[in-house]
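Chemist: Fold the following, please.
(chains A and B)
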Number of protein chains: 2
Amino acid sequence: MSRLTVWAPDGVPEVRPGDDLGALLGEALATGHPDGPPVDGDVLVVTSKVVSKAEGRVVAAADREAAITAETVRVVASREHPGGVTRIVENRLGLVMAAAGVDASNTPEGTVLLLPLDPDASARALRRSLEARFGARLGVLVSDTAGRPWRHGQTDLAIGAAGVRVLEDLRGGVDTHGRPLAVTMAAVADELAAAAELTKGKTAGRPVAVVRGSGHVTPEDGPGARALVRLGPEDMFAQGSAEAYAAGWAAALASLGQVPPS
Amino acid sequence: MSRLTVWAPDGVPEVRPGDDLGALLGEALATGHPDGPPVDGDVLVVTSKVVSKAEGRVVAAADREAAITAETVRVVASREHPGGVTRIVENRLGLVMAAAGVDASNTPEGTVLLLPLDPDASARALRRSLEARFGARLGVLVSDTAGRPWRHGQTDLAIGAAGVRVLEDLRGGVDTHGRPLAVTMAAVADELAAAAELTKGKTAGRPVAVVRGSGHVTPEDGPGARALVRLGPEDMFAQGSAEAYAAGWAAALASLGQVPPS
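Modeler: The predicted structure is shown next:
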């Protein structure tokens, strides 16, 4: 519980459509690191880009805008800037991200990458593969990078999970004074993804990290990272401020018969 | 760069107003952990609660609502629920948090804790104290716990910093294909705080963690965690959706002379 080790091995080759990602990652994890290969209780955090590549989730860059539209459930907010328009959208995975998570970096020229079709399923498949290789009970997270309201900079979070307690439910817990905890759920999977990012980096060709010592690996695959998504009635930020303001304005006018609702 | 160790020592006593927090943390960090005392390059992540306690930022629980109001710059969103009203507010530190960060857990009965008056200054003072004790160049983060839009669960983030590269600026960088990076700034301090939380936990009386190996300690104190705050024109979520919708509705009516603006 009180000591973690996190490392990201070198040696994962460029991943191509149809590659056996579990085998490629397993090879890099098996060799050449002083902490040795994965053991019971380790969480493997895999960058979504290599999952997308192995699964062939690559489209031509010319189709980028169409790809974003296809991945979008609804636009949450958009903002024009000198370089174009930033669209913050909810994608089909329930993730609220710029450009729906469609990415034009770390892919060959002329292509963009979509997020994996079902990152929880990808995590489960990688778990099967890597548990078999190492004969150990492992957790697997698929991570991606996103911005946050009110904070500069991006952090990594978990978009796929298998065998990891994604949320630690502290409801009903008490603090050292015996008083109810104000914090009720720790987003463990997102914190594990953030810790892993510190060792994987963005440019170094290290798409997998091992987190040892978290105590959050579970026998069952569990609900996946989908359990981290909070949308619907609980979501106080379903629309950007400007979009919601405009919607309120239009609705007021419509209520008076001034203009049709937009 | 590619290997982190994170641990949280036991042995920090209950902190009381006026305590020398650097001395108390230093004592726990000096003794009894197999990884030894802090060395050059380590980041020490300190839970804001113990900083607040040492600084006497304790008020009577009866004054909780008044304390929240005093800490609030503006209300971002509020929502009624069976237990009362949740107010998401921007506080005087530029942090957008439920209840302005005023906390009723991990404090003696009958009291609530305010956030430190100036967490960046607190981090600088702790850095001075702990660098002197250990004769090493250290970074210090003050961490707190917050919820996020669109995600279940809370994560820890950095609200104070000294000697830590809080943002890693990747603008102008290229990926392994030589293409510009889509991610432009990594919120390193928030990722370090998240990694630390995995070892400190919420209930175990471990208010400080050591992160070894990040490569993000800087000679200068730097801009502090204030540099992570993104508000103003760049902020697309300055108001909750319901609040912005209501404001748009009221403004439209006011524009027609129907009712005064609310």
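Chemist: Could you report the distance from A:Asp10 to chain B?
Modeler: Here the distance between A:Asp10 and chain B works out to 8 Å (CB to the nearest CB, to the nearest Å). The way it works is simple: take the backbone N, C-alpha and C, and place the C-beta from them, glycine included.
Chemist: what's the closest non-adjacent residue to A:Glu90?
Modeler: Excluding the flanking residues, the one nearest A:Glu90 by CB to CB, 6 or more residues apart in numbering or on different chains is A:Val73, at 4.6 Å.
Chemist: Let me know the next secondary structure element after the helix or strand hosting the one you found.
Modeler: Using DSSP states H and E, A:Val73 maps to strand A:72-81. Downstream of strand A:72-81, the first helix or strand assigned by DSSP H and E is strand A:84-91.
Chemist: Following element in sequence after that next one, please.
Modeler: Counting by DSSP H and E, what follows strand A:84-91 is strand A:96-98.
Chemist: any idea of the mean pLDDT in that following strand?
Modeler: Strand A:96-98 carries an average pLDDT of 94.
Chemist: Show the model's pLDDT score for A:Ala104.
Modeler: A:Ala104 is assigned a predicted lDDT (pLDDT) of 78.
Chemist: Now do the contacts for the closest residue to it other than its chain neighbours.
Modeler: In space, and not counting its chain neighbours, A:Ala104 is closest to A:Val112: 4.7 Å by CB to CB, 6+ apart. For A:Val112, the contact set (CB atoms under 8 Å, 6 or more residues apart in numbering or on different chains) comprises A:Val58, A:Val59, A:Ala60, A:Ala61, A:Asp63, A:Arg64, A:Ala67, A:Val102, A:Asp103, A:Ala104.
Chemist: Can you tell me how far the fifth one is from chain B?
Modeler: If I follow you right, that is A:Asp63. 17 Å.
Chemist: Need the three-state assignment for that residue.
Modeler: helix (DSSP: H, G, I helix; E, B strand; the rest coil).
Chemist: ok, back up a step: in what element of secondary structure is the residue nearest to A:Ala104 found?
Modeler: Per DSSP H and E: strand A:111-113 holds A:Val112.
Chemist: Mind listing what's buried along the next helix or strand after that strand?
Modeler: Using DSSP H and E, the helix or strand that follows strand A:111-113 towards the C-terminus is helix A:119-134. Using 16 or more other CB atoms under 10 Å in any protein chain shown as the test for burial, helix A:119-134 gives A:119-127, A:129-131, A:133-134.
Chemist: Same check on stretch A:50-66?
Modeler: Quick answer for stretch A:50-66 (16+ other CB under 10 Å): A:Val50, A:Val51, A:Ser52, A:Lys53, A:Ala54, A:Glu55, A:Arg57, A:Val58, A:Val59, A:Arg64.
Chemist: quick one: average pLDDT of it?
Modeler: 91.
Chemist: Settle this for me: A:Gly213 is touching A:Trp7, isn't it.
Modeler: No. Counting by CB atoms under 8 Å, A:Gly213 stays clear of A:Trp7, with 11.8 Å between them.
Chemist: Tell me which of these two has more neighbours.
Modeler: A:Trp7 (22 against 19; other CB atoms under 10 Å in any protein chain shown).
Chemist: List the beta-bridge partners for that one.
Modeler: Counting by DSSP bridges, A:Trp7 is bridged to A:Val210, B:Arg3.
Chemist: Kindly report the same for A:Val140.
Modeler: In this entry, A:Val140 is beta-bridged to A:Leu44, A:Ala162, by DSSP bridges.
Chemist: that older thread, for the residue nearest to A:Ala104, report the pLDDT, please.
Modeler: 91.
Chemist: For the buried residues of stretch A:50-66, give me a markdown table that also has secondary structure.
Modeler: Below are those laid out as a markdown table (three-state DSSP):
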| residue | secondary structure |
| --- | --- |
| A:Val50 | helix |
| A:Val51 | helix |
| A:Ser52 | helix |
| A:Lys53 | helix |
| A:Ala54 | helix |
| A:Glu55 | coil |
| A:Arg57 | coil |
| A:Val58 | strand |
| A:Val59 | strand |
| A:Arg64 | helix |
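Chemist: residue nearest the centroid of chain A?
Modeler: A:Ile159 (3.0 Å; CA atoms, centre = their mean).
Chemist: Point out the other helices and strands that whatever helix or strand that one lives in packs with.
Modeler: Using DSSP H and E, A:Ile159 sits within strand A:151-162. Contacts defined by 3 or more CB pairs under 8 Å, 6 or more residues apart in numbering or on different chains; DSSP states H and E place strand A:151-162 against helix A:48-54, helix A:119-134, strand A:139-148, helix A:188-200, strand B:185-186, helix B:188-200.
Chemist: quick one, which of the ones you listed is nearest to B:Pro38?
Modeler: Closest approach to B:Pro38 among the helices and strands packed on strand A:151-162 (CB to CB): helix B:188-200, 13.4 Å.
Chemist: Quick one: distance of that closest one to the chain centre.
Modeler: 10 Å (CA atoms, centre = their mean, to the nearest Å).
Chemist: Give the partner strands of the helix or strand just after the strand holding A:Ile159 in its sheet and their orientations.
Modeler: Next helix or strand after strand A:151-162 toward the C-terminus (DSSP H and E): strand A:168-169. If you go by DSSP bridges, strand A:168-169 pairs up with strand A:185-186 (antiparallel).
Chemist: which residues are contacting the partner strand?
Modeler: Contacts of strand A:185-186 (CB under 8 Å, 6+ apart): A:Leu167, A:Glu168, A:Asp169, A:Leu170, A:Arg171, B:His152, B:Gly153, B:Gln154, B:Thr155, B:Glu197, B:Lys202.
Chemist: Between these, which sits nearest A:Glu14?
Modeler: Of all the contacts of strand A:185-186, B:Thr155 has the smallest distance to A:Glu14: 32.0 Å, by CB to CB.
Chemist: Quick check: the closest one vs B:Met97, distance?
Modeler: Between B:Thr155 and B:Met97 the distance is 12 Å, computed by CB to CB, to the nearest Å.
Chemist: okay, and the common contacts of these two?
Modeler: B:Ala146.
Chemist: For beta bridges, what are the partners of the residue nearest to A:Ala104?
Modeler: Beta-bridge partners, per DSSP bridges, of A:Val112: A:Val59.
Chemist: and the strand holding A:Val73, which residues are buried?
Modeler: A:Thr72, A:Val76, A:Ala77.
Chemist: restrict those residues to those near chain B?
Modeler: A:Ala77 (CB under 8 Å from any CB of the partner chain).
Chemist: Return the closest of the buried residues of strand A:72-81 with respect to A:Ala227.
Modeler: A:Val76 (20.5 Å).
Chemist: quick one: contacts for the closest one?
Modeler: A:Ile88, A:Val89, A:Glu90, A:Val96, A:Phe237, A:Ala238, A:Gln239, A:Gly240, A:Glu243.
Chemist: That'll do, ta.
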